[in-house]
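S.K.: with the input below, show me the fold.
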Amino acid sequence: MSTESKIVYTHTDEAPLLATYSFLPIVSAYAAKAGVAVETRDISLAGRIIASFPERLTEEQRLPDALAELGQWALEPEANIIKLPNVSASIPQLKAAVTELQGHGYALPDYPENPQTDEEREVRARYDKVKGSAVNPVLRQGNSDRRAPAAVKNYARKHPHSMGAWSADSKTNVATMGEHDFRANEKSVVLESEDTLRIELEAGDGTVTVLKESLPVQQGEVVDATVLQVAHLHAFLRNAIARAKAEGVLFSVHLKATMMKVSDPIVFGHVVRAFFDDVFARYGDQLAQAGLSPNDGLGGILGGLDRLDNGAEIKAAFEQAIADGPALAMVDSDRGITNLHVPSDVIVDASMPAMIRTSGHMWGPDGQEHDTLAVIPDSSYAGVYQTVIDDCRAHGAFDPTTMGSVPNVGLMAQAAEEYGSHDKTFEIPTAGTVRVVNAAGDVLLEHDVEAGDIWRACQTKDVPIRDWVKLAVTRARATGAPAVFWLDESRAHDRTLISKVTAYLQDHAELIEEGEGLDIKILSPELATAYSLERLRRGEDTISVTGNVLRDYNTDLFPILELGTSAKMLSVVPLIAGGGLFETGAGGSAPKHVQQLVKENYLRWDSLGEFFALAASFEHFAQATGNARAQVLADTLDRATETFLEEDRSPGRRLGTTDNRGSHFYLALYWAEELAGQTDDTELAAAFSGLAKTLRDNEKTIAEELLAVQGNPVDIGGYYRPDEDKVNAVMRPSKTLNEALATL
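M.R.: Residues are numbered from 1 along each chain as shown. Purely as a prediction, here's the structure:
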């Protein structure tokens, strides 16, 4: 990528992609007037699949590897990337995207479930690089600074979202293993020098299988290894199912099958197998021979039963097991989609705070809310959610009009911690011992394992840890809020990090002293949660300083409680090389919004996160290049966004109200008026005065044009890779607005 100054706006997936077709023309037109170049790069799931198989495609179909290109640019000081939410593809999503592309004429290979040949293994390896959280580790070459912008927080206090009431006798709880899991079995080591490690499995008969031949490590790097023992997982799941049945609560499982793309689909499969234990005892071999895996969820199995001669019999057995077991939490009770249908449907960091916000309830098969047993097998962070549940049971629901905030400083640079473990996670084929061995043959870490156990290693480099500590001190000093490192001495990895954090805080002793009693603590996740909640209820802010997975959890948990959504967060990643990555908030990529658009031509996606990220990107651009007009764009966009919130122009929830496209129009109107009225650059003000007047004079016409298209089905030409002309027509239906923008 050229080093010319620019902003790169990413094309991603689902609702954010659709919204981009409406919003990006506004961004590009406004930015061009300030001399800011805006380019796009396609890092969508479909785009990444296409880029993986160039030799199978025609010249016209091929795409460059935009993710690799952006990953390299992120290592340069000029980088300025606006990254929208993307699909972290589970296997069912990956297969669906491949099928869609094949239907569009792309000669892509099928995803090999059980590769037998070298060619199939090579195809599988390419697809495995695309599935799961393939994007974030490449782009996140810095640590995370996520917080609620003042405008959003103020709006939430004035216009609080609904919060379900909590009862002191609520039976909602978390069930977790607590032993024999990833947390309990973790071991950790710090590398004294650069090295190349090897991961190997020695079976009981002495046969050695190399699981990973080469694992380069740096001096000071933290390497951890752990194993989840599936025999104990099965016992835990049997008890959890029986407990839910006995307590009369819904049974639900909460995993991260998208990010933890190797381990969690396997765990999910064990949950499906445990819930339908008798069915798999009778028909398991037959299902396996038909390629119907519990790892893909109940939906995948039921969808494939029509290929079997006794499919109706097996389906009836599944239905009977559902009737006999505890009531299952539902993803969509109207359509009969249970918590066990699709591994990527119920993602822990989104599903748990939504449950907590809704009185501790999930939806049951009767279409009503019920108390729930939330099953989170690995106990690494399950205690965080139990602590919040206990707090709500004792003190009631939180009050968005008075509650404080919990911003986050997250350790994630260079694939830090568990989310970087995909290429080092293995389902163990045979009993034996897994070892991590250095180049000299010394055993650094080892575990005894049984067949089916899930073993993983993960890495955390030293430079990101130092940068993380620095960012925590910087944010604490800038805000005056306490900064709490969520680390537990009883966990091996955390003990290692505590020693590093304690040492690296000394590098900032002078800054800490200048902070006049800067409050920096180290607490276990459970204690940190309790401390933060106590302050939250008093209206006080507390910075959570966490590792990678807790970063993801906390930046959904607290914003959903505070703001009703995590999509309105400002998410800045100061890249270690000096550039900036500006993420548009959490909240997933909203597949239900796409379904609603296709059905009703109504897109409910809220682009507020894009507005905040864009303003921060312009500000960074101004500081990096000296382009004063970029700063004017940033300042006026911030003011326009405040007006946008005060005027309540976010998308509604039903037909006949402003949707995503209408919200973009109003942002464009307020932004043009701010630019026309600002005095820092009179030439720029003059350039926008005509547009501001045109948009204001035609407000009613544009609003009517946008509303007029609602209510009818639309064809966008594809889910994972929509047709560009069709989606442009759908997402830019106002002739008046389009013509006004063209005048720029």
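
S.K.: residue 317 touches residue 282, doesn't it?
M.R.: Yes: with contacts counted by C-beta atoms under 8 Å, residue 317 reaches residue 282, the gap being 6.8 Å. (Glycine included, C-beta is placed from N, CA and C.)

S.K.: between these two, which is the more surrounded one?
M.R.: Each of residue 317 and residue 282 has its neighbours counted (other C-beta atoms under 10 Å); residue 317 has more, 17 against 14.

S.K.: name the SS class of the more buried one, please.
M.R.: Applying DSSP: H, G, I helix; E, B strand; the rest coil to residue 317 yields a three-state assignment of helix.

S.K.: show the contacting residues for it.
M.R.: Contact partners of residue 317, counting by C-beta atoms under 8 Å, 6 or more residues apart in numbering, are 278-279, 282-283.

S.K.: do residue 581 as well
M.R.: Neighbouring residues of residue 581 by C-beta under 8 Å, 6+ apart: 74, 79, 81, 83, 139-142, 572-573, 575.

S.K.: would you list the phi and psi of the residue nearest to it when sequence neighbours are not counted?
M.R.: In this structure, residue 581 finds its nearest non-sequential neighbour in residue 573, 3.8 Å apart by C-beta to C-beta, 6 or more residues apart in numbering. Backbone torsions of residue 573, given as degrees, to the nearest 10, read phi -120, psi 100.

S.K.: from residue 518, how far off is residue 573?
M.R.: With distances defined as C-beta to C-beta, to the nearest Å, the gap from residue 573 to residue 518 amounts to 23 Å.

S.K.: so between those two, which is more surrounded?
M.R.: A count of neighbours by other C-beta under 10 Å puts residue 573 above the other of residue 573 and residue 518, at 25 against 17.

S.K.: just the closest of the contacts of residue 317 to residue 26, please.
M.R.: Closest approach to residue 26 among the contacts of residue 317 (C-beta to C-beta): residue 279, at 53.0 Å.

S.K.: ok, the nearest residue to the closest one once chain neighbours are set aside to residue 256 distance?
M.R.: Excluding the flanking residues, the one nearest residue 279 by C-beta to C-beta, 6+ apart is residue 317, at 4.7 Å. Summarising the geometry, the distance separating residue 317 from residue 256, computed by C-beta to C-beta, is 30 Å.

S.K.: next SSE after the helix or strand of the chain with the lowest mean pLDDT?
M.R.: The element with the least model confidence among the helices and strands of the chain, by mean pLDDT, DSSP states H and E, is helix 509-514, at a mean of 67. Per DSSP states H and E, the first helix or strand lying C-terminal to helix 509-514 is strand 520-523.

S.K.: next, count neighbours for the closest residue to residue 591 other than its chain neighbours.
M.R.: Nearest-residue entry for residue 591: residue 14, 5.5 Å, with adjacent residues in sequence omitted and distances by C-beta to C-beta, 6+ apart. Here the count is done by other C-beta under 10 Å, and residue 14 has 26 residues near it.

S.K.: how near is residue 14 to residue 597?
M.R.: Counting by C-beta to C-beta, the separation of residue 14 from residue 597 is 10 Å.

S.K.: go on, residue 137?
M.R.: Plainly put, residue 137 is 30 Å away from residue 597 if you go by C-beta to C-beta.

S.K.: neighbour count winner among the two?
M.R.: A count of neighbours by other C-beta under 10 Å puts residue 597 above the other of residue 137 and residue 597, at 24 against 20.

S.K.: low-confidence ranges, the protein, go.
M.R.: By pLDDT under 70, the weakly predicted segments of the chain are 1-3, 511-517, 585-589.

S.K.: one more time with 80, if that's ok
M.R.: 1-4, 132-133, 509-517, 567, 585-590 (pLDDT under 80).

S.K.: give the residue farthest from the middle of it.
M.R.: When each C-alpha in the chain is compared with the mean C-alpha position (C-alpha atoms, centre = their mean), residue 205 comes out farthest, at 42.4 Å.

S.K.: for it, give me its contacts.
M.R.: Contacts of residue 205 were listed using C-beta under 8 Å, 6+ apart, and none were found.

S.K.: for it, grab phi and psi.
M.R.: Backbone dihedrals for residue 205, given as degrees, to the nearest 10, come out at phi -90, psi 10.

S.K.: could you check how far it is from residue 434?
M.R.: Distance of residue 205 to residue 434, computed by C-beta to C-beta: 15 Å.

S.K.: on that earlier part again, which of the contacts of residue 317 count as buried?
M.R.: When the contacts of residue 317 are checked for burial by 16 or more other C-beta atoms under 10 Å, the buried set is 279, 283.

S.K.: which of the contacts of residue 317 sits closest to residue 111?
M.R.: Top of the list for closeness to residue 111, among these and by C-beta to C-beta, is residue 283 at 23.8 Å.

S.K.: secondary structure element for that closest one?
M.R.: Assessed by DSSP H and E, residue 283 sits inside helix 277-289.

S.K.: what's the first helix or strand after that helix?
M.R.: Next in sequence after helix 277-289, counting helices and strands by DSSP H and E, comes helix 298-304.

S.K.: count of neighbours near residue 62?
M.R.: The burial metric for residue 62, expressed as a neighbour count using other C-beta under 10 Å, is 13.

S.K.: please apply the same query to residue 39.
M.R.: Close neighbours of residue 39, defined as other C-beta under 10 Å, add up to 12.

S.K.: roughly how far is the strand or helix carrying it from the heart of the chain?
M.R.: Element membership of residue 39 [criterion: DSSP H and E] is strand 38-42. Shown here is strand 38-42, whose average C-alpha point lies 21 Å from the average C-alpha point of the whole chain (C-alpha atoms, centre = their mean, to the nearest Å).

S.K.: likewise stretch 675-694?
M.R.: Stretch 675-694 has its C-alpha centroid displaced from the chain centroid by 38 Å (C-alpha atoms, centre = their mean).

S.K.: so which bits of it are buried?
M.R.: Residues of stretch 675-694 classed as buried under the neighbour-count rule (16+ other C-beta under 10 Å) are 675-676, 678, 681, 684-685, 687-688, 691-692, 694.

S.K.: same thing with stretch 287-305?
M.R.: Within stretch 287-305, the residues that qualify as buried are 287, 290, 292-302, 304-305, counting by 16+ other C-beta under 10 Å.

S.K.: for the residue nearest to residue 330 when sequence neighbours are not counted, what are its contacts?
M.R.: On the basis of C-beta to C-beta, 6+ apart, the spatially nearest residue to residue 330 that is not a chain neighbour turns out to be residue 363, at 4.7 Å. Under the criterion of C-beta under 8 Å, 6+ apart, the contact partners of residue 363 comprise 329-330, 333, 369-370.

S.K.: these in helices, which ones?
M.R.: When helices are assigned by DSSP state H, not one member of these lies inside them.

S.K.: out of those residues, who has the most neighbours?
M.R.: Going through the contacts of residue 363 with other C-beta under 10 Å as the criterion, the one with the most neighbours is residue 329, at 29 neighbours.

S.K.: I figured it was touching residue 372, is that so?
M.R.: Yes: under the criterion of C-beta under 8 Å, residue 329 makes contact with residue 372 at 5.8 Å.

S.K.: what do these two both touch?
M.R.: Between them, residue 329 and residue 372 share these contacting residues under C-beta under 8 Å, 6+ apart: 250-252, 362.

S.K.: I figured the residue nearest to residue 581 hits residue 136, correct?
M.R.: No: the pair formed by residue 573 and residue 136 falls short of the contact definition of C-beta under 8 Å, at 9.8 Å.

S.K.: common neighbours of those two, please.
M.R.: In the contact map built from C-beta under 8 Å, 6+ apart, the residues linked to both residue 573 and residue 136 are residue 412.

S.K.: tell me how far residue 430 lies from residue 209.
M.R.: 8 Å.

S.K.: residue 386 now?
M.R.: Relative to residue 209, residue 386 is positioned 39 Å away (C-beta to C-beta).

S.K.: host element of residue 174?
M.R.: In this structure, residue 174 sits in strand 173-175 according to DSSP H and E.
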